[in-house]
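Peer 1: this is a predicted model, with the sequence first.
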Amino acid sequence: MTDQRSTINVAIIGVGNCASSLVQGLAHYSGRNDAAGLMHHTLGGYRPDDIRIVAAWDIDARKVGSDVARAIFAPPNCTTVFAPDVPDTGAVVRMGRVLDGVADHMADQPAERTFVTSDAAEPTRADVVAALREARVDVLVNYLPVGSQKATEFYAECALEAGVAFVNNIPVFIASDPVWAKRFSKAGVPIIGDDIKAQMGATIVHRVLTDLFHKRGVKLCRTYQLNTGGNTDFLNMANRRRLESKKISKTEAVQSVAAERLADENIHIGPSDYVAWQNDNKVCFLRMEGELFGGVPMNLELRLSVEDSPNSAGVAIDMIRCAAIARDRGLAGPVLAPSAYFCKHPPRQMTDDAAHDAVEAFIAKAPAASGALLEPADAVTGS
């Protein structure tokens, strides 16, 4: 076990809308004592003020070379600006590796939506590892676009080599992949993932309602979740090939809390369409059909409208702090309780009630009242 640091040095991969909301949020909560909008104001001794952005990578020419505080407001970002006066971080956005981080069709979009790839040279793995070490990064946060399998694996390799905790916010399976999980355990590096749940988003609402059906004895017969949005994530996912892991992640998040698994034809969950004028607003249309006592039919319909990126930023702040305390404690591999509570596709699914209990116990370093796992079953302790 190592001593707790006074600050958490964070590096960001992908300075898009989600990164913008995270960095704005750190400025917004700086110096505040209230926890409005946060699940935890202080977590494991760390406040939002203790998080420092010290490095970042992106591939867009409008962001590369700028301080993170300025880059978060550059196109094609379109999220709500709720903290316009973010102070300079001192971290200049570096050119990242492209690999599969951009869908081919993005080049055909209007100028304000198109990625303008920088002419700067792409870094090698050695370059990224050296930068992580030079900036004394504690936690590396992945905000790459959906479908960035090769790019995510590249940065995961960098985290392993640099010994930096990894927070995987996207539906590329690293923490939940047994091979990668074993590699993080063997390297003595903690990881939390995969695919962040929003604070009050479509997946968490769908999961809670599905669990409610289960607990109230209502048979869930069929359900769908249709989502529309106008940010670059939805535009990126217009390439249906990039949706595979996203659909798996969102579908499994709901299936895992159902009383019994639904047949594939009775469940449809996933991003449905790109509507440019919605910008960062996401609208979810949810329908659940079931049977009550005596087989009497019922149905539930819900429409949820949220600003997509701010909806996940507070969760990301908690994930970062949980990754930091896991590192402080010398844990390695997937950290199960935070992964289950904060992510759609964790290594081990729990109901949200059990995951909440487990993550609170993890933070307090106390036994979970529900008996849920507190720390990785195969955790190794750093020497």
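Peer 2: Alright, I've got the coordinates.
Peer 1: hey, let's count contacts and neighbours off CA atoms from now on
Peer 2: OK.
Peer 1: can you map out the helices along the protein?
Peer 2: 17-29, 68-71, 125-134, 149-162, 178-187, 202-215, 232-236, 244-255, 310-328, 336-342, 352-364 (DSSP state H).
Peer 1: those helices: lowest mean pLDDT?
Peer 2: Lowest mean pLDDT within these: helix 232-236, at a mean of 85.
Peer 1: can you read off the pLDDT for residue 106?
Peer 2: The model's pLDDT for residue 106 equals 63.
Peer 1: between the helices of the chain, which one is closest to residue 276.
Peer 2: Among those, helix 232-236 comes nearest to residue 276, with 8.2 Å by C-alpha to C-alpha.
Peer 1: and that closest one, how far out from the chain middle?
Peer 2: 16 Å (C-alpha atoms, centre = their mean, to the nearest Å).
Peer 1: elements contacting it?
Peer 2: strand 267-274 (3 or more C-alpha pairs under 8 Å, 6 or more residues apart in numbering; DSSP states H and E).
Peer 1: could you rerun that using 7 Å?
Peer 2: The helices and strands touching helix 232-236, judged by 3 or more C-alpha pairs under 7 Å, 6 or more residues apart in numbering; DSSP states H and E, number zero.
Peer 1: how about it: buried residues?
Peer 2: 232, 233, 234, 235, 236 (16 or more other C-alpha atoms under 10 Å).
Peer 1: restricting to C-alpha, output that helix in CSV.
Peer 2: The C-alpha trace of helix 232-236 is given here as CSV (Å, rounded to 0.1, in the frame of the first residue of the first chain):
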residue,chain,number,x,y,z
THR,A,232,-20.3,13.7,-32.7
ASP,A,233,-20.8,10.4,-30.8
PHE,A,234,-24.1,9.9,-32.5
LEU,A,235,-22.7,11.1,-35.8
ASN,A,236,-19.8,8.7,-35.4
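Peer 1: re the thing from before, make a markdown table from the helices of the chain and add distance to residue 86 to it.
Peer 2: As requested, those are exported to a markdown table (distance: least, C-alpha to C-alpha, whole Å):
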| stretch | distance to residue 86 |
| --- | --- |
| helix 17-29 | 6 |
| helix 68-71 | 6 |
| helix 125-134 | 23 |
| helix 149-162 | 27 |
| helix 178-187 | 34 |
| helix 202-215 | 29 |
| helix 232-236 | 22 |
| helix 244-255 | 32 |
| helix 310-328 | 15 |
| helix 336-342 | 26 |
| helix 352-364 | 29 |
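Peer 1: circling back: now, which of the buried residues of helix 232-236 sits nearest residue 335?
Peer 2: residue 233 (26.7 Å).
Peer 1: give me the pLDDT for residue 80.
Peer 2: 97.
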